[in-house]
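S.K.: Just need the structure, nothing else, for what follows:
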Amino acid sequence: MIDHGAPPRARKQAPAHIKVLVFDLDGTLVPTMEDYADKAAELMAQAFGTPLADARRAYFATSGLPFERQLRQLYPGAQTDPVAEQFEAWKDGYLTGIALPAATAELLADWRAQGLKVAISSNNLEAYVDRLSEDWPVDCALGYRARTSEDPGFAKGEAHFLALENRFGINRAHFLFTGDSPNDAHIAAAAGVRFCALLTKAFTMDDFEQAVPGTKTLSSLAELGDVFATVCANG
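M.R.: Numbering: from 1, shown residues only. Just a heads-up that it's a prediction; the model follows:
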């Protein structure tokens, strides 16, 4: 049974204690986004004639979504799925060389040792997320599955948060989601989940403030402990 936490009136007075830390994958736990942007821009330039610099900016502007959706948004009406397939085929090999940074692994293991649940919510393909996280110190790793006529699909946002509620038996009022893009901030806000933004080269504090006013930003994941420790102390 899901723990629904404090009554609504109490939650208005003080935030619920953090029990589940949810992390975006690319750009948040592993430094892959710059390489993704370079490859995506190359493919977009080849397929649609977009100048590399413009294509790279467009990739980051729509990041946080599955690449197939990014392309459909950027090039409505164009045949974008073959380009997405090329990108995913390249990524399959690229990700074999990606490892969780030791300092990040230590943080995740430490938070689990404190009794927190640690989960990944990514719009990277399920097969890649499963493969990458197999030996990582996480309790659950969720990836992206495209919608088909027989499958409603599975993506970062409501579907993932609902799955995590059911998996852990913990209401999302006790979740804290950390991501690196304004789209992550929008996704969290739409689902009613607290959010922290990890600052990278791609986005500034102002970008997150414009996306979702009041977004808390971090310069490193190590700062996250101070955020949920403060929430718990005030709760």
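S.K.: This structure: strands as residue ranges?
M.R.: Taking DSSP state E, the strands of the chain run over residues 20-23, 117-125, 140-144, 175-179, 194-198, 216-218.
S.K.: quick one: which of those is nearest Glu106?
M.R.: When these are compared by CB to CB, strand 117-125 sits nearest Glu106, at 12.3 Å. In this view, the C-beta of every residue, glycine as well, is placed from N, C-alpha and C.
S.K.: so what strands line up beside the closest one?
M.R.: Using DSSP bridges, the strands paired with strand 117-125 are strand 20-23 (parallel), strand 140-144 (parallel).
S.K.: Need the contact partners of the shortest one.
M.R.: Contact with strand 20-23 is made by 29, 111, 116-121, 160-161, 164, 168, 170, 174-179, 193, 224, 228, as judged by CB atoms under 8 Å, 6 or more residues apart in numbering.
S.K.: Check stretch 154-165 too.
M.R.: 2, 20, 22, 24, 64, 66, 119, 121-123, 126, 140, 142-145, 152-153, 170-172, 175, 184, 187, 190-191, 193.
S.K.: what about Ala173, how many neighbours?
M.R.: Ala173: 20 surrounding residues under other CB atoms under 10 Å.
S.K.: measure it to Lys19 for me?
M.R.: Here Ala173 is placed at a distance of 9 Å from Lys19 (CB to CB, to the nearest Å).
S.K.: Next: Gln73.
M.R.: Taken as CB to CB, the span from Gln73 to Lys19 is 34 Å.
S.K.: likewise Lys39?
M.R.: Taken as CB to CB, the span from Lys39 to Lys19 is 37 Å.
S.K.: now Ala189
M.R.: Using CB to CB, Ala189 is found at 20 Å from Lys19.
S.K.: Which one's more surrounded, these two?
M.R.: A count of neighbours by other CB under 10 Å puts Lys19 above the other of Ala189 and Lys19, at 19 against 16.
S.K.: what angle sits between the lengthiest helix in the chain and strand 117-125?
M.R.: Secondary structure of the chain per DSSP state H: the longest helix is helix 33-48. Counting by axes from the mean of the first three to the mean of the last three CA atoms, to 10 degrees, helix 33-48 lies at 20 degrees to strand 117-125.
S.K.: Does anything pack onto helix 33-48? Which helices or strands?
M.R.: helix 52-61, helix 67-74, helix 81-94 (3 or more CB pairs under 8 Å, 6 or more residues apart in numbering; DSSP states H and E).
S.K.: Now render those helices as CSV, adding mean pLDDT.
M.R.: Shown next, in CSV, are these (pLDDT from 0 to 100):
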stretch, mean pLDDT
helix 52-61, 96
helix 67-74, 96
helix 81-94, 96
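S.K.: and of these, who's closest to Ala45?
M.R.: helix 52-61 (5.2 Å).
S.K.: which residues are in contact with that closest one?
M.R.: With CB under 8 Å, 6+ apart, helix 52-61 has contacts from 33, 36-38, 40-42, 44-45, 48, 50, 70, 74, 181, 202-203.
S.K.: please redo it, this time with the cut-off set to 6 Å
M.R.: Ala37, Ala40, Ala41, Met44, Ala45, Leu74, Ala202 (CB atoms under 6 Å, 6 or more residues apart in numbering).
S.K.: What of stretch 200-207?
M.R.: So stretch 200-207 is in contact with Gly27, Phe60, Asp180, Pro182, Thr217, going by CB under 6 Å, 6+ apart.
S.K.: measure that stretch end to end?
M.R.: 11 Å (CA to CA, to the nearest Å).
S.K.: Do me a favour and average the pLDDT over it.
M.R.: In this model, stretch 200-207 has a mean pLDDT of 95.
S.K.: What of stretch 170-184?
M.R.: Stretch 170-184 comes out at a mean pLDDT of 96.
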